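S.K.: Here is a sequence together with a model predicted from it:
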Amino acid sequence: MLKLRNVKIEDLSELVSIVHLCFSKEEAASREAFEKRIHLIPDSFFVAEENGVIAGLVNGPVIEETYITDDLFTNIKKNPPLGGHQTILGLAVAPQFQNRGVASELLTHLEKEARLYKRETITLTCKEELIHFYERHGYVNEGVSSSEHGGAIWYNISKKL
């Protein structure tokens, strides 16, 4: 059975492995970026675990702006207690757990938490092939993002809460 919980520093190595399997070297969060996120935003960093093995993760800081900016991948601060926009900097599922609804469960959990803290929206960027996945979860494609992260073309995706 899948268990969703807040991240712990002990998860660090497993999380780094998962994102390097799911994202290109240029796009994947570094070990240092994950350490910083674990320490600063454990309240919006969740892992899915099955039988003690991490299946996937979702994380991102709460920001004042409507859309993600590239500086967030390296420079974040603690989340405000209420309000703001919940970002998703990373949603990743280990290959052996893919196509089993893990990403959807992580999204649902993040959304539930964001509602508790009166966040206005959930905002993220994704590649074209993932737009449909987010639209199925009630997100809206807001067009091409100004992000140049990892040299890819990204789309601004958001959901009003």
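M.R.: All right, it came through fine.

S.K.: which ones are touching Glu148?
M.R.: Residues near Glu148 by C-beta atoms under 8 Å, 6 or more residues apart in numbering: Asp70. C-betas here are computed from N, CA, C, even on glycine.

S.K.: now it: how far from Ser24?
M.R.: 14 Å (C-beta to C-beta, to the nearest Å).

S.K.: do Ala55 as well
M.R.: Distance from Ala55 to Ser24, by C-beta to C-beta: 21 Å.

S.K.: Just after the helix ranked longest in the chain, pick out the following helix or strand.
M.R.: Identified as the longest helix of the chain according to DSSP state H is helix 102-116. The first helix or strand that comes after helix 102-116 along the chain, using DSSP states H and E, is strand 121-126.

S.K.: shaky segments in this structure?
M.R.: Within the chain, no range satisfies pLDDT under 70.

S.K.: For Glu50, the count of nearby residues, please.
M.R.: Close neighbours of Glu50, defined as other C-beta atoms under 10 Å, add up to 16.

S.K.: ok, now which ones touch the residue lying closest to it once chain neighbours are set aside?
M.R.: With C-beta to C-beta, 6 or more residues apart in numbering as the criterion, Glu50 has its nearest non-adjacent residue at 5.4 Å, and that residue is Leu2. For Leu2, the contact set (C-beta under 8 Å, 6+ apart) comprises 48-50, 55, 102, 105.

S.K.: List just the nearest of the residues you listed to Pro95.
M.R.: Ala55 (10.3 Å; C-beta to C-beta).

S.K.: and the closest residue to the closest one other than its chain neighbours, backbone torsions?
M.R.: In space, and not counting its chain neighbours, Ala55 is closest to Phe97: 3.9 Å by C-beta to C-beta, 6+ apart. Reported as degrees, to the nearest 10, the phi and psi values for Phe97 are phi -110, psi 0.

S.K.: I figured Phe97 hits Gly56, correct?
M.R.: Yes - when contacts are counted by C-beta atoms under 8 Å, Phe97 is listed as touching Gly56 (6.2 Å).

S.K.: so what's in contact with the two at the same time?
M.R.: Ala48.

S.K.: more neighbours, the two?
M.R.: Gly56 (26 against 18).

S.K.: So that one sits against Gly90, correct?
M.R.: No - counting by C-beta under 8 Å, Gly56 sits too far from Gly90 to count as a contact (9.9 Å).
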